[in-house]
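**Student:** how would this look folded up:
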Amino acid sequence: MKEYEFKSEIKDYVEKSYEEFIEYKNIIRKIFAVFHDICEKNQITYYYAFGSLLGAIRDKGMIPWDADIDVMVPINQVNDLISALNKELPSEYYIESNFTSKNYYLCEMRVCSKKYDSQYIHLDIFYLIGAPSNVKELSSFDRKVKRMFLLRAWRYQDLEKGKNTKDNVIYYVKKIVQKILKIEPDFIFNYRCNKMLWKYNFIKSQNYIVWASGAEIFPKNIFEPKRLIDCDGNSMYIPNDSDKFLEIRYGDYNSYLPINDRFDEFYNAYKRFKNSKM
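**Tutor:** Numbering: from 1, shown residues only. Below is the predicted model of the structure:
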């Protein structure tokens with residue numbers, strides 16, 4: 001084989017892989033559309049979040065190399081959301097959450113398709129929780145949220161999946177840490193998690209924190225009134241001051257990663273998608 005022949009082969013392979021990648025993304029777009037309609041019908045507030053919001057504002061759609069959709073829901077509406085999803089989700093979908101699934105290791109809820117591994121094909125629903133106004137108290141609470149998020153991930157993570165193989169030293173370290181963390185009974189740990197979610201009255205709070213790994217602090221006034229926009233073939237709600245949200249989360253959000261990083265993100269997600277079919 002000549003170099004130019006291999007170069008042509010690579011080009012064809014990448015183009016075919018990317019077309020398949022878009023098909024998988026369309027499955028997630030469809031899950032989101034179902035979620036949006038249920039929220040509209042039941043008057044449940046949500047906002048596009050993180051990379052999904054970044055794509056909607058900067059790229060006018062899903063980030064071309066990104067592979068999921070993230071939304072935020074106010075904690076005071078989560079129970080109503082769970083009830084609505086349980087009643088109205090089409091039979092091909094289901095939800096996973098720390099409120100409905102035993103030993104669920106994530107802090108966010110997920111809407112998943114029964115046809116695919118939920119680890120790869122899903123809609124992520126993060127909780128937007130109330131936070132104090134006092135600067136010192138706010139900083140302390142933010143640290144506690146970040147710590148609890150990590151503790152939950154380490155406690156319930158399935159170490160047999162993914163890169164954490166038994167040939168990996170990190171696997172054994174995590175296994176030991178997990179055993180130590182599980183000395184505390186599940187019901188006590190989950191009680192502490194849930195108590196933190198509702199510690200501050202959401203309606204009265206002037207600051208919000210997203211229950212996620214970054215746990216950034218956002219002022220309440222950037223969210224309301226929410227805005228409905230259309231892009232990427234879907235309607236979606238976004239924070240009123242989306243620019244401020246993105247600046248707090250990413251800083252200079254208009255810059256792009258180097259092409260090698262963007263390609264790696266796309267291709268790694270594509271390979272995960274290929275192995276996700278049940």
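**Student:** Beyond the lengthiest helix in the chain, next helix or strand please.
**Tutor:** Using DSSP state H, we find that the single longest helix of the chain is helix 3-42. Elements were assigned by DSSP states H and E; along the chain past helix 3-42, the next helix or strand is strand 47-48.
**Student:** Now the element after that following strand, going C-ward?
**Tutor:** Next helix or strand after strand 47-48 toward the C-terminus (DSSP H and E): helix 50-54.
**Student:** what does that following helix rub up against?
**Tutor:** Residues outside helix 50-54 that contact it (CB atoms under 8 Å, 6 or more residues apart in numbering): 47, 62-63, 66, 68-71, 126, 212, 238-239, 242, 245-246, 249-250, 253. For glycine as for every other residue, the C-beta is placed from the backbone atoms N, C-alpha and C.
**Student:** again, 7 Å this time
**Tutor:** 63, 66, 69-70, 238, 242, 245-246, 249-250, 253 (CB atoms under 7 Å, 6 or more residues apart in numbering).
**Student:** Check the offset of that helix from the chain's centre.
**Tutor:** 10 Å (CA atoms, centre = their mean, to the nearest Å).
**Student:** So which elements touch the helix or strand following it?
**Tutor:** Next helix or strand after helix 50-54 toward the C-terminus (DSSP H and E): strand 69-74. With contacts taken as 3 or more CB pairs under 7 Å, 6 or more residues apart in numbering; DSSP states H and E, strand 69-74 sits against strand 47-48, helix 50-54, strand 122-131.
**Student:** Repeat the analysis, applying 10 Å as the threshold.
**Tutor:** Judged by 3 or more CB pairs under 10 Å, 6 or more residues apart in numbering; DSSP states H and E, the packing partners of strand 69-74 are helix 3-42, strand 47-48, helix 50-54, helix 78-88, strand 109-113, strand 122-131, strand 207-210, strand 234-238.
**Student:** Packed most tightly, which of the ones you listed would that be?
**Tutor:** By mean neighbour count, with neighbours taken as mean count of other CB atoms under 10 Å, strand 47-48 ranks first of these at a mean of 27.
**Student:** what separates that strand from the chain centre, distance-wise?
**Tutor:** Centre to centre, stretch against its chain (CA atoms, centre = their mean), the figure for strand 47-48 is 11 Å.
**Student:** Run me through the strand neighbours of it, direction for each.
**Tutor:** Strand 47-48 has the following sheet partners, assigned by DSSP bridges: strand 69-74 (antiparallel).
**Student:** CA atoms only: put the strand it pairs with into CSV for me.
**Tutor:** Provided in CSV are the C-alpha atoms of strand 69-74 (Å, rounded to 0.1, in the frame of the first residue of the first chain):
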residue,chain,number,x,y,z
ILE,A,69,-26.6,16.8,26.6
ASP,A,70,-26.7,18.4,30.1
VAL,A,71,-29.6,20.2,31.7
MET,A,72,-30.1,21.7,35.2
VAL,A,73,-33.4,21.4,37.2
PRO,A,74,-34.1,23.3,40.4
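**Student:** distance between that strand and the chain's centre?
**Tutor:** 7 Å.
**Student:** ok, back up a step: show the average pLDDT along the longest helix of the chain.
**Tutor:** Averaged over helix 3-42, pLDDT sits at 95.
**Student:** Which strands and helices lie in contact with that helix?
**Tutor:** So helix 3-42, by 3+ CB pairs under 10 Å, 6+ apart, packs with strand 69-74, helix 78-88, strand 93-96, strand 109-113, strand 122-131, strand 234-238, helix 259-274.
**Student:** Correct me if wrong: D70 contacts L128.
**Tutor:** No. Counting by CB atoms under 10 Å, D70 does not reach L128; the two are 11.8 Å apart.
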